[in-house]
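Colleague: Just to be clear, the model below is a prediction. Sequence and coordinates:
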Amino acid sequence: MTESGHGAGCLCGAVRIRISGKLRTVSNCHCGQCVKTHGHYAAYSAADDGDIEIEGEESITWYRSSPAARRAFCKVCGSQLFWKSDDAGYTSIAAGALDQPTGLTTDVHIFVADKPDYYEIADDLPKYAQYDG
């Protein structure tokens with residue numbers, strides 16, 4: 001994890017996020033849900049729930065994407081913002097929503113067994129067919 005004082009937000013600016021603690025390195029998720037919601041694989045960092053402050057929370061819509069998790073996006077511009085497991089004390093934050101520079105690195109590809117056929121993963125990062133935590 002990286003010490004942080006990061007900002008983040010959606011495309012239109014209706015939602016602004018402040019992360020006061022540490023951000024996890026970035027994971028690239030190739031699962032079917034991420035591909036459908038992002039239009040491609042999704043890159044996520046994460047922070048402890050208590051370290052996240054949201055301005056414009058009324059512009060966020062949460063979607064229950066599975067029995068154990070939900071996803072959030074800006075209901076004004078559609079930007080993907082969060083992924084949250086019901087039993088986790090942290091929230092995954094779409095890396096593309098983070099203000100630059102992030103100082104983060106990408107460390108892993110997960111759910112590569114679900115990866116669409118139109119691209120290859122050509123780096124040397126670890127690749128997991130699935131992921132369980």
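Modeller: Nice, thanks for sending it over. Numbering: from 1, shown residues only.
Colleague: where does A97 fall, phi/psi-wise?
Modeller: When quoted as degrees, to the nearest 10, the phi and psi of A97 stand at phi -80, psi -20.
Colleague: State whether S27 is indeed within a helix.
Modeller: No: S27 is assigned strand when assessed by DSSP: H, G, I helix; E, B strand; the rest coil, not a helix.
Colleague: need the contact list for it.
Modeller: The neighbours of S27, taking Cβ atoms under 8 Å, 6 or more residues apart in numbering as the test, are 43-45, 106-110. Quick note: C-beta positions are derived from backbone N, CA and C, even for glycine.
Colleague: try 7 Å this time
Modeller: By Cβ atoms under 7 Å, 6 or more residues apart in numbering, the contact list for S27 reads 44, 107-108, 110.
Colleague: what about burial for those residues, which qualify?
Modeller: With neighbours counted by 16 or more other Cβ atoms under 10 Å, these contain buried members at 44, 110.
Colleague: Would you map the helices across this structure?
Modeller: Applying DSSP state H to the chain gives helices spanning 32-38.
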